[in-house]
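*Asks:* just coords:
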Ligand code: SF4
Ligand code: SF4
């Protein structure tokens, strides 16, 4: 037991302190009833993955909430159409809940396709659809035929699993498109970028790197993507998978069906970004040019920011960070990047990590680091204070926890607007960490009474 | 004149960019106003997490909402066991004084009877916390009706006993900002009347920094206060839209024969006058000088600024009661709310607004309920307003049409300080009036080729 904090009995094995034996984490399980999980649902997972497809209609079949809460919440940019930024819902009412929603779905699809002329439509099933038993597949088929565009059901009923199942449902939907396009003229030195959602323009940056290396990017899944490109994805020679949680399934399926090999990479931090580019280059070793160009690129890019990073490092060295993110893979890169900045990770956790992930995390961390699976606000806030974190890295739901306790915060999920990938992204990251950790406001926070001599407290006025 | 056909919705039309949120979100906000309360949503995880995220983006406070976490089995065999386990876990972890259970579309559709489940629980385990439940399927309402229904359920399930009068007043607030609630309480205090304020999230949703983590933030109406509501001599309830079956004042009247006063959300001079008149009546005290001074300054500014706003046209949207209040205020200063829209569908919006605005017909004010932002956009393009006023969700239209948006209400998540916006009373009206005048002045200044540096 690390602290007196009451951990829900069912959760005892989802919290671990590095150095303790045995290491026996329980993960990959449904959240405990009554726990305030930071997780979302299957639908959320599907929506994350497919959201950036900018010329598709994304129709959420269900009552209004599921669509309303996901309206334009992500920072995925498009260079052209912006249909993905609208929130479409069949907005089921009591009548449809009783008599079925197929008619309304059919009508909604027809109307919206007519109005917006999308290149395809994704229909997300939410919880209620799983209960009232609408045959979404049949409606989709009928509309696809009538309107002559792909209409693809996404089986994302919230209660049928976790966010991970949602990723898989999204990949299954994408697989219905892959293979349908014309792949004439695609270079042998070509890749698909998987698991990159173009948050704040990240996919553009990374695509640019590959261009400079002489590697053709056939399709980005799904950052700033178009239906036409997705259909051609099977023409690439290699799948480069980032954020393995969401897209690994697609990569594996494409390997099975089209014989396209894949590698896993991360574009976060200097070390991982360079490694990613080199890994890709070394796969195209027949084309010796690529490696040469990659070396030049990496050198150039690193030089551009190196001095600035040293400045940040000087100030951040010795500061302590807590990390709580969706997928564990992201945490690996974060730990490394923080280390580069001289910072120490004192807490790390994820919503959806598996056994293997947690073992890697354990090996990466120093003794005394808290490791958490599917945590909740009480645990998180307790440990960040106890572990004296100066910085908390998480998503929107974690931000107020950090701020309420007077701890710096850096947003690292899909809702942020700043690109954190690639070399430039590392600079942005360091800058953001610096601007939160070094702010003078923390001295006024009650958890650090030693930093500010409060005149009212002494006189007993406050 | 705009053709009504543009806005006609048949029952099979879908919704694009909703101008409403789902029912349990309103329940969660209402439960936030009870001291020691924690929300538990009976359904699957996603709804609770989305609602938390949404509320956090506006209030910027930690907001915990537990979920009974449906799985496939639960959906087939019913959620009773999950709900019981959830209640136990929440009570162990949070040590709450009250657990507020709201349902979701899922638990409603499979037909869980939450009342019955709780009852059977009560016989199985002892507990020292209250459990209040409210039925909030989203397919029948909006966050606004969820908010009202929850307040009603809280009072119905806690204020069960008749108690002797202590000459106090009950004040039932509409879904407004923490700043508004602080102001109402200040008014009641200055009138020197004993009051019970429901719900009071002025601190729970807009609090100070902590020195140690609080499972449940401090503040809120105590359970005792709610239980003692039967002691009042009057109940003031804000908002005209709620039906009798949703109304707390009506309930207290029927049960304990407490006089009920339904008043509009006090934005503008007339609406605030009306509220203060009633408080004055109930308390037997005159309006404190402080408020008369505020009123005086407000009227002075109305006169100073009247030309800048007169005849301006705006598109207004939000919760129904909020729209009513803002429409009345705008009319009071000579602005025409050419479109008053809400995603709510009480069926009363047009009636309430038209009865409260002088010259409603000549001004050709369009009132639309059950509306979404794609319809608001379509109509706004024809109406060509001078500005939009409402929550952040109108931003995409305002940007596209290059017409300013004045952000008020909920949610304001693309600006800072949403929970500190004061809309009500003379003081809040003053802030709104200044904001509107300055927005219009800025527009004029920015668009002028000279760029005058004096008014
Ligand atoms: S299922 Fe119902 S309660 Fe849950 S988010 Fe959707 S609309 Fe809201
Ligand atoms: S109803 Fe289901 S799909 Fe929609 S948000 Fe809730 S859990 Fe997710």
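*Replies:* Here it is on my side, so go on. Just so you know, these numbers come straight off a predicted model, no measurement behind them. Ligands and ions are numbered 1, 2, ... in the order given.
*Asks:* Need the pLDDT of the closest residue to residue A:50 other than its chain neighbours.
*Replies:* Beyond its immediate neighbours in the sequence, the residue positioned closest to residue A:50 (CB to CB, 6 or more residues apart in numbering or on different chains) is residue A:170, lying 5.0 Å away. Bear in mind the C-beta positions are built from the backbone N, C-alpha and C, glycine included. Listed pLDDT for residue A:170 reads 97.
*Asks:* just residue A:10 next, same as before
*Replies:* Each residue has a pLDDT score; the one for residue A:10 is 65.
*Asks:* Over to residue B:326?
*Replies:* According to the model's per-residue confidence, residue B:326 sits at a pLDDT of 98.
*Asks:* Is it in contact with residue B:314, as I believe?
*Replies:* No: assessed by CB atoms under 8 Å, residue B:326 is found out of contact with residue B:314, at 9.2 Å.
*Asks:* hey, what's in contact with both of the two?
*Replies:* In the contact map built from CB atoms under 8 Å, 6 or more residues apart in numbering or on different chains, the residues linked to both residue B:326 and residue B:314 are B:337, B:389.
*Asks:* Smallest distance to ligand 2 belongs to which residue of chain A?
*Replies:* Nearest residue of chain A to ligand 2: residue A:158, at 2.3 Å (CB to the nearest ligand atom).
*Asks:* which secondary element of the chain has the worst mean pLDDT?
*Replies:* Reading this off chain A. helix A:455-459 (a mean of 64; mean pLDDT, DSSP states H and E).
*Asks:* returning to that earlier point: skip ahead from the helix or strand hosting the residue nearest to residue A:50 and say which helix or strand is next.
*Replies:* Counting by DSSP states H and E, the secondary-structure element that holds residue A:170 is helix A:163-175. Elements were assigned by DSSP H and E; along the chain past helix A:163-175, the next helix or strand is strand A:190-196.
*Asks:* After the helix or strand of chain B with the lowest mean pLDDT, which helix or strand is next?
*Replies:* The element with the least model confidence among the helices and strands of chain B, by mean pLDDT, DSSP H and E, is helix B:4-7, at a mean of 41. Scanning forward in sequence from helix B:4-7 by DSSP H and E, the next helix or strand is strand B:15-16.
*Asks:* Please enumerate residues in contact with that next one?
*Replies:* Contacts made with strand B:15-16 from outside it, assessed by CB under 8 Å, 6+ apart, are listed as A:64, A:67, A:86, A:87, A:88, A:89, A:90, A:91, A:112, B:372, B:373, B:374.
*Asks:* Packing partners of whichever helix or strand comes after that strand?
*Replies:* Proceeding C-terminally, strand B:15-16 gives way to helix B:23-32 as the next helix or strand, assigned by DSSP H and E. For helix B:23-32, the elements it packs on are strand B:37-42, helix B:45-59, strand B:98-103, helix B:143-158, judged by 3 or more CB pairs under 8 Å, 6 or more residues apart in numbering or on different chains; DSSP states H and E.
*Asks:* any idea which of these is most buried?
*Replies:* Between the helices and strands packed on helix B:23-32, strand B:37-42 has the highest mean count of neighbours, a mean of 29, where neighbours are mean count of other CB atoms under 10 Å in any protein chain shown.
*Asks:* quick one: pLDDT of the residue lying closest to residue A:349 once chain neighbours are set aside?
*Replies:* The shortest distance from residue A:349 to any residue other than its chain neighbours is 3.1 Å, reached at residue A:372 (CB to CB, 6+ apart). Residue A:372 is assigned 88 on the pLDDT scale.
*Asks:* tell me the contacts of the residue of chain B found nearest ligand 2?
*Replies:* Evaluated by CB to the nearest ligand atom, chain B has residue B:46 as its residue closest to ligand 2, separated by 2.5 Å. By CB under 8 Å, 6+ apart, residue B:46 lies in contact with A:40, A:41, A:42, A:43, A:44, A:66, A:127, A:158.
*Asks:* where does residue B:232 fall, phi/psi-wise?
*Replies:* Dihedral angles phi and psi of residue B:232 (degrees, to the nearest 10) take the values phi -80, psi 160.
*Asks:* That one is in contact with residue B:169, isn't it?
*Replies:* Yes: proximity of residue B:232 to residue B:169 meets the contact threshold set by CB under 8 Å, at 5.6 Å.
*Asks:* higher neighbour count, those two?
*Replies:* With other CB atoms under 10 Å in any protein chain shown as the criterion, residue B:232 and residue B:169 differ in neighbour count, and residue B:232 comes out ahead with 26 against 23.
*Asks:* Quickly list what that one is bridged to.
*Replies:* When bridges are taken as DSSP bridges, the partners of residue B:232 come out as residue B:168.
*Asks:* ok, now how distant is it from residue B:255?
*Replies:* Residue B:232 sits 12 Å away from residue B:255, taking CB to CB, to the nearest Å as the criterion.
*Asks:* Pull up the gap between the residue in chain A positioned nearest to ligand 1 and residue A:39, please.
*Replies:* Here chain A gets closest to ligand 1 at one residue, residue A:65, 2.4 Å apart by CB to the nearest ligand atom. In this structure, residue A:65 and residue A:39 are separated by 17 Å, where distance is defined by CB to CB.
*Asks:* Residue numbers of the stretch 301-450 of chain B in contact with chain A?
*Replies:* By the rule CB under 8 Å from any CB of the partner chain, the part of the stretch 301-450 of chain B lying against chain A is B:374, B:393, B:396.
*Asks:* any idea of the mean pLDDT for the host helix or strand of the last one?
*Replies:* Following DSSP H and E, one finds residue B:396 within helix B:395-401. Within the predicted structure, the mean pLDDT of helix B:395-401 is 96.
*Asks:* what number of residues lie near residue 428?
*Replies:* Since no chain was named, I'll use chain A. The number of residues packed around residue A:428, counting by other CB under 10 Å, is 18.
*Asks:* Chain B is the one I meant
*Replies:* Residue neighbour count, defined by other CB under 10 Å, stands at 25 for residue B:428.
*Asks:* what's the answer for residue B:93, then?
*Replies:* Burial of residue B:93 is recorded as 24 neighbouring residues (other CB under 10 Å).
*Asks:* I'd assumed residue A:379 was in contact with it.
*Replies:* No: with contact defined as CB under 8 Å, residue B:93 and residue A:379 do not form a contacting pair (9.5 Å).
*Asks:* re the thing from before, just the buried members of the contacts of strand B:15-16?
*Replies:* By the neighbour-count criterion of 16 or more other CB atoms under 10 Å in any protein chain shown, these include these buried positions: A:64, A:67, A:86, A:87, A:88, A:89, A:90, A:91, A:112, B:372, B:373, B:374.
*Asks:* List the contacts of residue A:425.
*Replies:* Contacts of residue A:425 (CB under 8 Å, 6+ apart): A:202, A:205, A:267, A:268, A:273, A:419.
*Asks:* If we check ligand 1, which of those are in contact?
*Replies:* Among the contacts of residue A:425, not one lies near ligand 1 by CB under 6 Å from any ligand atom.
*Asks:* Give me the pLDDT for the residue nearest to residue A:186 when sequence neighbours are not counted.
*Replies:* Leaving aside its chain neighbours, residue A:186 sits nearest to residue A:235 (4.0 Å; criterion: CB to CB, 6+ apart). The score at residue A:235 is 97. That number is its pLDDT.
*Asks:* give me the number of residues near residue A:235?
*Replies:* Counted with other CB under 10 Å, the neighbours of residue A:235 add up to 22.
*Asks:* Contacts only, for it.
*Replies:* Contacts of residue A:235 by CB under 8 Å, 6+ apart are A:181, A:183, A:186, A:190, A:218.
*Asks:* likewise residue A:213?
*Replies:* If you count contacts by CB under 8 Å, 6+ apart, then residue A:213 has A:277, A:280, A:281, A:290, A:293, A:294, A:297 around it.
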